[in-house]
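Asker: From the sequence below, what's the structure:
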Amino acid sequence: MTSVAAQKPRARVARATPAAAHSIDVVLLTPSEGRLSVALVRVPAGRAGEARPRERWTLPWDAGRSDELLAERAGRIARATVGVEPAWLEQIGAFGDGRRHPGGAEISVAFLGLIAAGTELPDDTDVAYVPLAELPALAPRQRAMIDGAAALLRARVQQSPVAFRLLPATFTLSELQETYELLLDRQLHKASFRRSLQAARIVEPTDEWRSEGRGRPAQLFRYAPKKRRNAPRGVRFE
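Answerer: Numbering: from 1, shown residues only. So this is what the prediction gives:
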């Protein structure tokens, strides 16, 4: 992926006016070119002589509304940003410790949303997927939200099947392992991963195969959890 500075200018995503009483901020994560990335909104540079002449980047956010539930508002912001419904959405928490927010909000409620791999951004937006390892300068509160989102995701990945929300209906076991490695931010031993997957009983093979390079074709699997009392829905790794 090209660097943030090289991103093509796009139209701005509508956001709230500054100094909102409270804001709803959404951390949208997705696999992009083999790396876990976040959707950021480009704020065009101001006119010469202004206090902030350089372009900036922010998380998608908007003011909270009394007539709309927090999760509904977060979903609406996500759809306006990337053009699709998040595959998974969960509240991270409230942030109001005095760290700067781009809209001057006193309190911010942050949500984590997952976007399926391969989801393309609308052509007429000012949004880009940026790898977590290459984040530009952000408002301190929003940077804390991204850190909180990554921690929440690592905690959830072994408790619930969030990894499958990022994959198509059928996938190879290699694709599934790569997705888990992205979410956990660590490498997994192939044999151990497949033993843990077998123990979890949440995937089943299909009759389809896919060629992966010069080797033999790989069988496709699908998410199909077996019904067991008190069985974990995620995959637990040693």
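Asker: Go through the protein and flag its longest strand.
Answerer: Of all the elements of type strand in the chain, the one with the most residues (DSSP state E) is strand 22-32.
Asker: Let me know the average pLDDT across it.
Answerer: Strand 22-32 shows a mean pLDDT of 95.
Asker: what lines up beside that strand in the sheet?
Answerer: The pairing partners recorded for strand 22-32 under DSSP bridges are strand 35-43 (antiparallel), strand 61-63 (antiparallel), strand 107-114 (parallel).
Asker: residues of the longest one that come out buried?
Answerer: By 16 or more other Cβ atoms under 10 Å, the buried positions in strand 35-43 come out as 36-43. For glycine as for every other residue, the C-beta is placed from the backbone atoms N, C-alpha and C.
Asker: Quick check: the gap between the one residue sitting closest to the centre of the chain and Gln198.
Answerer: Geometric centre of the chain, nearest residue: Leu29, 1.2 Å, by Cα atoms, centre = their mean. Distance, Leu29 to Gln198, by Cβ to Cβ, to the nearest Å: 27 Å.
Asker: Where does pLDDT dip in this protein?
Answerer: Scanning the chain with the threshold set as pLDDT under 70 gives 1-20, 46-53, 228-234, 238.
Asker: Can you get me a residue count around the closest residue to Ala45 other than its chain neighbours?
Answerer: Leaving aside its sequence neighbours, Ala45 sits nearest to Glu55 (Cβ to Cβ, 6 or more residues apart in numbering; 4.4 Å). Using other Cβ atoms under 10 Å, Glu55 is surrounded by 16 other residues.
Asker: for Ala137, same thing?
Answerer: 10.
Asker: what sits against it?
Answerer: Neighbour list for Ala137: 56-57 [criterion: Cβ atoms under 8 Å, 6 or more residues apart in numbering].
Asker: quick one: the helices in this structure?
Answerer: Per DSSP state H, the chain carries helices over the ranges 70-82, 140-156, 173-184, 190-200.
Asker: Can you name every helix or strand that the second one contacts?
Answerer: This points to helix 140-156. Packed against helix 140-156 by the contact rule (3 or more Cβ pairs under 8 Å, 6 or more residues apart in numbering; DSSP states H and E) you find strand 22-32, strand 35-43, strand 88-95, strand 107-114, helix 173-184.
Asker: Distance to Ala80 added to these, as JSON lines?
Answerer: Output for those, formatted as JSON lines (distance: least, Cβ to Cβ, whole Å):
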{"stretch": "strand 22-32", "distance to Ala80": "10"}
{"stretch": "strand 35-43", "distance to Ala80": "10"}
{"stretch": "strand 88-95", "distance to Ala80": "14"}
{"stretch": "strand 107-114", "distance to Ala80": "12"}
{"stretch": "helix 173-184", "distance to Ala80": "25"}
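Asker: Among the ones you listed, which comes closest to Arg216?
Answerer: helix 173-184 (12.4 Å; Cβ to Cβ).
Asker: Contacts for the closest one, please.
Answerer: 31, 34-36, 117, 153-154, 157, 162-164, 166-167, 187-188, 190, 193-194, 197, 203, 212, 218-219, 221, 235, 237.
Asker: ok, 6 Å please
Answerer: For helix 173-184, contacts defined as Cβ atoms under 6 Å, 6 or more residues apart in numbering pick out 31, 36, 153-154, 157, 163, 166, 187-188, 193.
Asker: In it, which of the residues would be classed as buried?
Answerer: The neighbour-count criterion (16+ other Cβ under 10 Å) identifies 173, 175-184 as the buried residues of helix 173-184.
Asker: Figure out the length between the terminal residues of stretch 186-205.
Answerer: 26 Å (Cα to Cα, to the nearest Å).
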